[in-house]
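A.B. asks: sequence plus the predicted model coming up.
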Amino acid sequence: MSISKLVSATEAGDLIKDGMTIMVGGFMTCGTAMSVVNEIKAKDLTVICNDAGYPNEGSGRLIARGQVKRLIASHVGLNKQCGEMINAGKMELKLQPQGTLVEQVRAGGAGLGGVLTPTGVGTIVADSSEPTTLEGKQIIVVDGKEFLLEKPLRGDVAIIRGFVADEAGNIRYKGTMRNFNPIMATACNLVIAEVEKIVPVGEIGPENVETPHIFVDYLVLASKK
């Protein structure tokens, strides 16, 4: 198969360099590009994802290997190793409400200055914008109601998982594996899409393209394991 965007999982993993910010799609590993994640060797990573995966699985594999310097996620309770790393001071964690997190990524992809949300007003969520500072988040009043300004999120590399791609890189998802993947594809400088199969251009109808090829830099065929 000769496709200009096609690389191996190992080659894709090598595109991730020390200190990068990466976005990893998936919801409790559903829709996570396991083949690529398993091949990442870089360290000191900032990882933006919905959750911490499971112990040594999905994003949890990067955590277990000590490759994550900072995690930005919505929940981490399914991965005991994540809590252990945080308590040991080996990893920073920034928890964001799930809806807020996905809108921050969406804003990053759309070139917006941020999003306004009432979630967290008057709570500890508003107390600091970063875990290492005391600076509170900016509050903006609209029609007499207070909102927090949540700044956009962008990454160096997005690692997404689709079901099928055509040779140009147009992606279609299957069921709930879609989750964060299409949004993350818009918010990073480079996008790696792992898929189960690749078909000729034209086999995915235009109305079924959920991530257009213009966002996709590399394709990886998922491991059959």
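C.D. replies: The structure has been received and is ready for your questions. Residues are numbered from 1 along each chain as shown.

A.B. asks: what's the neighbour count on Gly122?
C.D. replies: Close neighbours of Gly122, defined as other CB atoms under 10 Å, add up to 10. From N, CA and C alone the C-beta is placed, and that goes for glycine too.

A.B. asks: meant to ask about Leu95
C.D. replies: Neighbours of Leu95 (other CB under 10 Å): 14.

A.B. asks: okay, and for the chain, where does confidence drop off?
C.D. replies: 1-3, 128-135, 225 (pLDDT under 70).

A.B. asks: list the contacts of the residue of it positioned farthest from its centre.
C.D. replies: When each C-alpha in the chain is compared with the mean C-alpha position (CA atoms, centre = their mean), Gly144 comes out farthest, at 34.2 Å. Going by CB atoms under 8 Å, 6 or more residues apart in numbering, Gly144 touches no other residue.

A.B. asks: Gly155 contacts Val24, doesn't it?
C.D. replies: No - in this structure, Gly155 is not within contact of Val24 by CB atoms under 8 Å, at 9.3 Å.

A.B. asks: shared neighbours of those two, anything?
C.D. replies: With CB under 8 Å, 6+ apart, Gly155 and Val24 have common neighbours Ile48, Met184.

A.B. asks: can I get the helix ranked longest in the chain in CSV, CA atoms only?
C.D. replies: Ranked by residue count, the top helix of the chain under DSSP state H comes out as helix 98-110. This file holds the C-alpha atoms of helix 98-110, laid out as CSV (Å, rounded to 0.1, in the frame of the first residue of the first chain):
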residue,chain,number,x,y,z
GLN,A,98,-15.6,17.8,31.1
GLY,A,99,-17.8,20.3,29.3
THR,A,100,-15.3,23.1,30.0
LEU,A,101,-12.4,21.0,28.8
VAL,A,102,-13.9,20.1,25.5
GLU,A,103,-14.9,23.7,24.9
GLN,A,104,-11.4,24.9,25.7
VAL,A,105,-10.1,22.5,23.0
ARG,A,106,-12.8,23.6,20.6
ALA,A,107,-11.9,27.2,21.2
GLY,A,108,-8.2,26.4,20.6
GLY,A,109,-9.2,24.8,17.2
ALA,A,110,-11.4,27.7,16.2
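
A.B. asks: fine, thanks again, bye for now.
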